[in-house]
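Enquirer: Got a predicted structure here, sequence first:
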Amino acid sequence: MLFDVLIHSKGWDTFVSNAAYFRQIMNEGEFVYALYVAVIHSPLAEHVLPTLYEVTPHLFTNNEVIEAAYRTKQTQKPGKFKSSFTGTKKNPEQRVAYFGEDIGLNTHHVTWHMEFPFWWDDKYSHHRDRKGENFFWVHHQLTVRFDAERLSNYLDPVDEQNSFVQSLHNTAHIVLGRQSDPHGKYDLPPGVLEHFETATRDPSFFRLHKYMDNIFKEHKDSLPPYTTEELTFTGINVDNVAIEGELETYFEDFEYNLINAVDDTEQIEDVEISTYVPRLNHKDFDFKIDVSNDKGEEVLATVRYRVHLR
C-alpha cells in the first residue's frame, strides 16, 4: 500500500510529505522497505537515501555491538566498536562467516530484491522480462562464489538443502527461518532467513539456493543445444585477452555509522558511534580485450568471463 502511494505521487513535495506522514504510523521495517523500493523505481527520487547498513544497522551487526552503542549514547562518550561474526569458531562454517555476513553482500542481496520485487506489477512503470533467468543468474553467482570461498578455507562445496514444501523459494525461506517456533506457539520474531538483509548470514541460505540452482540446471539440460548460427557472432573477433595485475586479496577494516542503532530524543544530544568489521578486498587488476569489428557498422556486444579455480 505504501509503495503504491509513493510511486503514484505526482511531485517531489507530495512524495516527501507522504513519506513523512507514514513514517510516524507504520511499522519501521515495512516503512523502510516500501520507501527504498519506491526511491529505486520512482522517477522523482533517484539514489537519495543512505546505504541500508547505516539506516537499519541492527540488521547488519550483532547484539553486543548494539548494546555497546546504547551505553555510549547513555554516557555521552563517543565510541567505536569492532563487530565480530556470529557463531562459534568450533564450527567449521565459521571460516566463511566473513563472506555470508559481509555487509556489502547483505546490502547487495536486499537491494537486488528491491530492484526486482517478486510482487512487481507492470502497471507501476515497466515490464519485468526474463524474471526467472534473472533470479537464477544472481543467486547462482552468490552460490558459486560461496563455494569458491569454502574451497579456499578447506571446506567442501555446499550440499543442496532439499525443500519439504510446495511453494519452493519463498516458503522455504519462511520454513527454515521458523524452525525454532514452527507453529508460532511462542510468537517469536521472524528468523534470519525471513529478512533479505540477513538471509545470507545463515549457511542454509546457500544450501537452499544450491537446491534451486539444480532445479534450473535440470530444466536447462532438458532444452535443445544452441546452434552454431546462434553462437557465432559473424564479423566480430576477439583477437587477444590479457590480464594486467594479479588477483591479490586481503582483509581491511571497514567502519560505518551506528547512530540509527539507538533511540533518539531531543533531550539528549547525538554522539559519534560507529563500528568496524574486517572485509575481504582485492588489489586492482584489469582485463584487456582486443576486439575487431569487420561488419562495417556499430553493433552491441556483451563480454562474459568465467574464472576457473585450481
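Expert: Here it is on my side, so go on.
Enquirer: send the alpha carbons of the strand or helix carrying Val277 over as CSV?
Expert: Here Val277 sits within strand 273-282, counting by DSSP states H and E. C-alpha atoms of strand 273-282 as CSV (Å, rounded to 0.1, in the frame of the first residue of the first chain):
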residue,chain,number,x,y,z
ILE,A,273,29.0,5.9,17.5
SER,A,274,30.5,3.6,14.9
THR,A,275,31.6,0.0,14.3
TYR,A,276,34.3,-1.6,12.2
VAL,A,277,34.5,-5.0,10.7
PRO,A,278,37.1,-6.8,8.6
ARG,A,279,36.1,-7.2,5.0
LEU,A,280,37.6,-9.0,2.1
ASN,A,281,39.0,-6.7,-0.6
HIS,A,282,41.4,-7.1,-3.6
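Enquirer: Report the buried residues of that strand.
Expert: Ile273, Ser274, Thr275, Val277, Pro278, Arg279 (16 or more other CB atoms under 10 Å). Bear in mind the C-beta positions are built from the backbone N, C-alpha and C, glycine included.
Enquirer: Show me where the stretch 201-310 of the chain has its helices.
Expert: 204-221, 228-231 (DSSP state H, counting those that start in this stretch).
Enquirer: Would you mind finding the most buried of those helices?
Expert: helix 204-221 (a mean of 17; mean count of other CB atoms under 10 Å).
Enquirer: low-confidence ranges in the stretch 201-310 of the chain?
Expert: The model of the stretch 201-310 of the chain has pLDDT under 70 over residues 305-310.
Enquirer: mind running it again at 80?
Expert: Low-confidence segments of the stretch 201-310 of the chain (pLDDT under 80): 304-310.
Enquirer: same question, the stretch 1-150 of the chain
Expert: Looking at the stretch 1-150 of the chain by pLDDT under 80, you get 46-48.
Enquirer: what are the ranges of the helices in it?
Expert: Counting by DSSP H, counting those that start in this stretch, the helices of the stretch 1-150 of the chain are 2-7, 12-25, 28-41, 52-55, 63-75, 97-100, 103-115, 131-152.
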